[in-house]
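K.L.:
coords below, sequence missing:
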């Protein structure tokens, strides 16, 4: 487990260092995810990607279970930032209408556009 | 026994000054919220983040605790957002064959969805007369909190307000994505997950992982890709609406 946590933290650190060194507008952890993904692809390069392979092929040690444990509790990690609303009660109340309506309309519109475009492109790709 | 009230005060003074209290209460509130969510059969409206945050906000107000004291304890949970984002590489790797086949739909849906998320937010907020700092705080609301906060800061918004709006978007998205996709008759978990992660970042991704692991993987990819694209689009588009 320690080695798996070390892998995750080391990738995040490499990501943070890289985004700062190259002044990338992307957060370090997202670059860290890309680094880990490339490393896993490199490790598993001899095993061709296919449905018949065991899902864990190419994953070092306990990395699979540790990643699963973190991702299963992903919601928990947003709680501290959500509690931050106590700092903004005044502003949120003053502009409750525009804020609420803009979040509601935009989120629903984004769901519909994204899912329909994805579905449409997938079908037209399958036809060819 | 006359010492008891002052002892209780001593204990409170000690605990409220140490990170242990609010770290424990954050986990306790989330554990309770999860039980409520499970008891409702993971009903989309029983969102664990919303329930846990409401409980903790109530506790902070009741005890007169400010957010800085709360965050001194809760930061240990908040910190795990970084390594957990890195951990998204694991489901991405496991599903690499599916991902490779869906590259074209993903890129098309990414561009269409990212533009819709930013432009519709700004249009509605401007039409309803929101001031510039609120519009700038809302514009990056669909991407994960750290990206959204830095975009908000660089375009004249209020970063900590953006964090709250990002979470609100995630909670609303997690509550509505399942009924909306059912109403649209969309059964493809790749499309459903991708939409959830694109519009509602990590909270949408957490919801997608609860429903289906393929949906969760595509949500995670969408969250990462939209974070990248929004980082480019918001500064560009901000010069138009400002």
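P.N.:
On my side now, so go ahead. No experiment lies behind these values; they were computed from the predicted model shown. Numbers count the residues shown, from 1 in each chain, chains lettered A, B, ... in the order given.
K.L.:
C-alpha from now on. contacts and neighbour counts both.
P.N.:
Noted.
K.L.:
residues contacting the closest residue to residue B:149 other than its chain neighbours?
P.N.:
In this structure, residue B:149 finds its nearest non-sequential neighbour in residue B:159, 4.5 Å apart by C-alpha to C-alpha, 6 or more residues apart in numbering or on different chains. Listed by C-alpha atoms under 8 Å, 6 or more residues apart in numbering or on different chains, the contact partners of residue B:159 are B:137, B:148, B:149, B:150, B:152, B:153.
K.L.:
could you list every residue that touches the residue nearest in space to the middle of chain A?
P.N.:
In chain A, the residue lying closest to the centroid (C-alpha atoms, centre = their mean) is residue A:30, at 7.1 Å. The neighbourhood of residue A:30, defined by C-alpha under 8 Å, 6+ apart, consists of A:15, B:85, B:86, B:224.
K.L.:
Report the buried residues of the helix or strand harbouring it.
P.N.:
Remark: residue A:30 resides in helix A:28-43, with elements defined by DSSP states H and E. Applying a neighbour-count criterion of 16 or more other C-alpha atoms under 10 Å in any protein chain shown, one finds A:28-37, A:39-41 buried in helix A:28-43.
K.L.:
immediately after it, which helix or strand?
P.N.:
Beyond helix A:28-43 on the C-terminal side, the first helix or strand identified by DSSP H and E is helix A:63-72.
K.L.:
Give me the neighbour count for residue A:2.
P.N.:
Other residues near residue A:2 come to 9 when the count uses other C-alpha atoms under 10 Å in any protein chain shown.
K.L.:
what does the one 10 residues further on give?
P.N.:
Using other C-alpha under 10 Å, residue A:12 has 28 other residues around it.
K.L.:
any idea what sits nearest it, other than its immediate chain neighbours?
P.N.:
Excluding the flanking residues, the one nearest residue A:12 by C-alpha to C-alpha, 6+ apart is residue A:32, at 4.5 Å.
K.L.:
Just to check, that neighbour is in contact with residue A:13?
P.N.:
Yes: counting by C-alpha atoms under 8 Å, residue A:13 is a contact partner of residue A:32 at 7.3 Å.
K.L.:
hey, where'd the strands end up in chain B?
P.N.:
Secondary structure of chain B by DSSP state E: no strands are present.
K.L.:
any idea which element residue A:7 lies in?
P.N.:
Using DSSP H and E, residue A:7 maps to helix A:2-21.
K.L.:
Number of residues surrounding residue 74?
P.N.:
Because you didn't say which chain, this covers chain A. Residue A:74 has 22 nearby residues by other C-alpha under 10 Å.
K.L.:
Hmm, no, I was thinking of chain B.
P.N.:
Burial measure for residue B:74: 26 neighbouring residues, criterion other C-alpha under 10 Å.
K.L.:
Show the model's pLDDT score for the closest residue to it other than its chain neighbours.
P.N.:
Spatially, and ignoring its direct neighbours in sequence, residue B:74 is nearest to residue B:23 (4.9 Å; C-alpha to C-alpha, 6+ apart). We note a pLDDT of 96 for residue B:23 in this prediction.
K.L.:
and what of residue A:47?
P.N.:
On the pLDDT scale, residue A:47 is placed at 63.
K.L.:
Quick check: residue B:81 touching residue A:77?
P.N.:
Yes: if you go by C-alpha under 8 Å, residue B:81 and residue A:77 touch, sitting 6.0 Å apart.
K.L.:
more crowded one of these two?
P.N.:
residue A:77 (27 against 23).
K.L.:
In contact with that one, which residues?
P.N.:
For residue A:77, the contact set (C-alpha under 8 Å, 6+ apart) comprises B:77, B:78, B:80, B:81.
K.L.:
By neighbours, which of those wins?
P.N.:
For the contacts of residue A:77, neighbours were counted using other C-alpha under 10 Å, and residue B:81 has the most, 23 neighbours in all.
K.L.:
Need the pLDDT of that one.
P.N.:
For residue B:81, the pLDDT comes out at 88.
K.L.:
Same check on the one 10 residues further on?
P.N.:
As predicted, residue B:91 sits at a pLDDT of 86.
K.L.:
how about it, what does it touch?
P.N.:
residue B:217.
K.L.:
can you check residue A:4 too?
P.N.:
Shown in contact with residue A:4 (C-alpha under 8 Å, 6+ apart): A:60, A:61, A:62, A:63, A:66.
K.L.:
I'd like to know how many residues surround the first one.
P.N.:
Using other C-alpha under 10 Å, residue A:60 has 14 neighbouring residues.
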